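*Asks:* Next come a sequence and a model predicted from it.
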Amino acid sequence: MTDRPLKVLIAKPGLDGHDRGAKVLARGLRDEGFEVVYTGLRQTPEMVVTAALQEDVDVVGLSILSGAHMTLVPRICSLLREKGMDDVLIVVGGIIPDDDVPGLKESGVAAVFGPGTTIGDVADFIRANARSRD
Amino acid sequence: MPAETPADRANDLCDRALAGDRHALARLLTAVENRTPVAETALRRLYPAAGHAQLVGITGPPGAGKSTLVAALIAELRRAGRPVAVVAVDPSSPITGGAVLGDRVRMQSYAADDGVFIRSMASRGHAGGLSSATSAAAAVFDAAGFDIVLIETVGTGQSEVEVAATADTTVVVEAPEMGDEIQAIKAGLLEVADLIVVNKGDRPGAHRTAGQLHAMLADTPREIRPGRPMPKHPEVLVTIAATGSGVPELLAALDRHRATLTGTDGESSRLARAEAQVWAVLSDRLHDRARSIEAAPLAESLLRAVASHELDPYAAADRLLGLMAGGGEAGAGRL
């Protein structure tokens, strides 16, 4: 049905242990009416992609505060494409230097949300850009 | 290559899912969950291929350790080389429709293992501990060749017994100190258990709780009374899901129960499931037809008459049923 909730994966790839932001976002997106799959800390790119595939999500949200985004994000994007999930909207949040944003977008990220972003900003962006399938 | 009609798409997804394509399987589950036109064609095709898996319901109160126990069972099953699928249900918000599906957090170690498939589902307003599509999702996994499907309910209380009609084997997970012997003999959830697991077995009181449950539910005389429903005598086990302690014994108990399913016990549970499935589809179809374009003008005038107390709700429902029975074109083709 067209009014079914969009399904969003919130994942924390890499080794930093700061998941408060990801949890607050998961809860905030729940309140915005999304179905949010939360995978927890210290996810490998393969774990993120397997979860996205099995859950058949519309959106993959990656929270990274460790500085490893230029390694982890392109890997996740290419694995998603490899698995046929090229229509999934990919967004990134965390501490991402402005200089890195064009590179991330080139690898397939639709938006990068830095500190100060509101939950409403993220929700509006997802609603406007996620491709509702089936 | 995109298929044209929902039926083509359903057949394409089924072909691929049955051949082991996990992405196609995931898309099928989405169709089933969203009750799209693809879902009905797919389920009709897959249903004859299902019926071989053991569907295991895992239920119990929030925080008792259901997800951790499921993760421990996955580990045990994979050690034995058995493929396993999981349907994990978490509640939808009654206010916004949103949900946080957090059961995967404890099950993420199997990313590279094709023998494990975990799918989270929001309950989407369905009461009873499951979502309305849980049973159909389990059938899809069954048809796709998974030998065992673990169905984890939302956290439940005393009376969410729907899982027992969906599963072949129902496991009720309790935490230590869940209550006294009076709690153990109350009607409801504990009555539908084929196995009871007292998890967090390293906590104080775990063995006392298990002993009380065993005394009240398993250790009671089993008197056969013709014509009366036969109460279950569940085995009571103690586990520490976080370390895996007691989990091999749990899997052995699941296998023992599975062996009983070919007999008359199993037949009545299969019949109960068939009944629940057919009745659910029938009720959906009646709803659809009562709300169809053909029925809309009559329905609206009937609703107005009921609202103004000129007509009672029973008479209104009977008239709508009458329209459907004599309904001619109005949906007859759909059946």
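*Replies:* Noted; the coordinates are in hand.
*Asks:* and chain A, which of its residues are near chain B?
*Replies:* A:1, A:4-5, A:26-27, A:29-40, A:43-44, A:46-47, A:49-51, A:53-56, A:83-85, A:133-134 (C-beta under 8 Å from any C-beta of the partner chain). C-beta: built from backbone N, CA, C; applies to glycine.
*Asks:* For those residues, which PyMOL command selects only the ones that are buried?
*Replies:* Remark: buried members of the residues of chain A next to chain B, expressed as a PyMOL selection using 16 or more other C-beta atoms under 10 Å in any protein chain shown:
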select buried, chain A and resi 4+5+26+27+29+30+32+33+34+35+36+37+38+39+40+43+44+47+49+50+51+53+54+55+56+83+85+134
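*Asks:* Just the ones of the residues of chain A next to chain B in strands?
*Replies:* Those of the residues of chain A next to chain B mapping onto strands are A:E35, A:V36, A:V37, A:Y38, per DSSP state E.
*Asks:* Sketch out the low-pLDDT regions of chain A for me.
*Replies:* A:1-3, A:132-134 (pLDDT under 70).
*Asks:* Could you identify the longest helix within it?
*Replies:* helix A:69-82 (DSSP state H).
*Asks:* List of residues touching that helix?
*Replies:* A:13-14, A:45-46, A:48-49, A:52, A:60, A:62, A:64, A:86, A:88, A:90, A:92, A:94, A:96, A:100, A:103-104, A:107-109 (C-beta atoms under 8 Å, 6 or more residues apart in numbering or on different chains).
*Asks:* Now do the helix or strand hosting B:L28: everything it contacts.
*Replies:* Following DSSP states H and E, one finds B:L28 within helix B:22-34. For helix B:22-34, the external contacting residues (C-beta under 8 Å, 6+ apart) are A:1, A:4, A:53-56, A:83-85, A:133-134, B:10, B:12-17, B:38-39, B:42-43, B:114, B:117, B:119, B:121, B:131, B:133, B:136-137, B:140, B:144.
*Asks:* among the residues you listed, which are in helices?
*Replies:* A:53-55, B:10, B:12-17, B:38-39, B:42-43, B:136-137, B:140.
*Asks:* For PyMOL, write the selection for the buried entries among the residues you listed.
*Replies:* In PyMOL, this line selects whichever of the ones in helices among the contacts of helix B:22-34 come out buried by 16+ other C-beta under 10 Å:
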select buried, (chain A and resi 53+54+55) or (chain B and resi 10+12+13+14+16+17+38+39+42+43+136+137+140)
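*Asks:* pLDDT weak spots in chain B?
*Replies:* B:1-3, B:326-335.
*Asks:* Report how many residues lie close to B:D147.
*Replies:* Neighbourhood size, B:D147 [other C-beta atoms under 10 Å in any protein chain shown]: 16.
*Asks:* Correct me if wrong: it contacts B:P83.
*Replies:* Yes - proximity of B:D147 to B:P83 meets the contact threshold set by C-beta atoms under 8 Å, at 5.7 Å.
*Asks:* Alongside chain A, which residues does the stretch 51-200 of chain B contribute?
*Replies:* So far as C-beta under 8 Å from any C-beta goes, the stretch 51-200 of chain B lies against chain A at B:92-93, B:96-102, B:104-105, B:108, B:110-112, B:117-120, B:122.
*Asks:* Swap in 6 Å and give it another go.
*Replies:* By C-beta under 6 Å from any C-beta of the partner chain, the residues of the stretch 51-200 of chain B that approach chain A are B:96-102, B:104-105, B:108, B:111-112, B:117-120, B:122.
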